[in-house]
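Novice: sequence plus the predicted model coming up.
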Amino acid sequence: MKPSTNRMLNRIKCIYMFIRKNGTVTTQELVEEFGITPRTVQRDLNVLAYNDLVMSPSRGKWTTTHKKVKMSS
């Protein structure tokens with residue numbers, strides 16, 4: 001796997017864990033927590049949403065779904 005792909009997957013996993021830990025978070029909170037652009041956050045959230053791991057109950061807010069996830073290192 002390319003280093004950039006590995007970095008992206010690790011970042012997406014960290015974003016998912018942050019949302020899971022904090023309940024509902026805003027896109028801006030993710031931008032500030034991870035030091036990435038709003039566009040990058042949105043792309044990562046789109047990947048998570050496509051896989052039914054997060055949902056947006058209202059514009060700009062995100063929470064995890066009830067889908068079971070097996071985490072690996």
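Specialist: Here it is on my side, so go on. Numbering: from 1, shown residues only.
Novice: low-confidence stretches in the protein?
Specialist: 73 (pLDDT under 70).
Novice: strands of that one, start to end?
Specialist: Assigned by DSSP state E, the chain shows strands spanning 25-26, 54-58, 61-64.
Novice: please save the CA atoms from the second one in CSV.
Specialist: If I follow you right, that is strand 54-58. Extracted C-alpha coordinates of strand 54-58, given in CSV (Å, rounded to 0.1, in the frame of the first residue of the first chain):
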residue,chain,number,x,y,z
VAL,A,54,-21.3,8.1,10.3
MET,A,55,-24.4,10.2,9.5
SER,A,56,-25.2,13.8,9.6
PRO,A,57,-28.3,14.5,11.8
SER,A,58,-28.1,18.2,10.8
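Novice: which residues touch Gly35?
Specialist: If you count contacts by Cβ atoms under 8 Å, 6 or more residues apart in numbering, Gly35 has none. C-beta: built from backbone N, CA, C; applies to glycine.
Novice: how close does it sit to Cys14?
Specialist: Gly35 sits at a distance of 12 Å from Cys14 (criterion: Cβ to Cβ, to the nearest Å).
Novice: turn the strands of the chain into CSV, including mean neighbour count and distance to Met71.
Specialist: Output for the strands of the chain, formatted as CSV (neighbours: other Cβ atoms under 10 Å; distance: least, Cβ to Cβ, whole Å):
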stretch, mean neighbour count, distance to Met71
strand 25-26, 17, 19
strand 54-58, 13, 15
strand 61-64, 18, 13
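Novice: just checking, Gln28 touches Gly60?
Specialist: Yes - counting by Cβ atoms under 8 Å, Gly60 is a contact partner of Gln28 at 7.4 Å.
Novice: what about Val69, distance to Gly35?
Specialist: Using Cβ to Cβ, we find Val69 at a distance of 24 Å from Gly35.
Novice: which outside residues touch stretch 66-73?
Specialist: 13, 16-17, 52-53.
Novice: can you give the distance of that stretch from its chain's centre?
Specialist: The gap between where stretch 66-73 is centred and where its chain is centred comes out at 13 Å by Cα atoms, centre = their mean, to the nearest Å.
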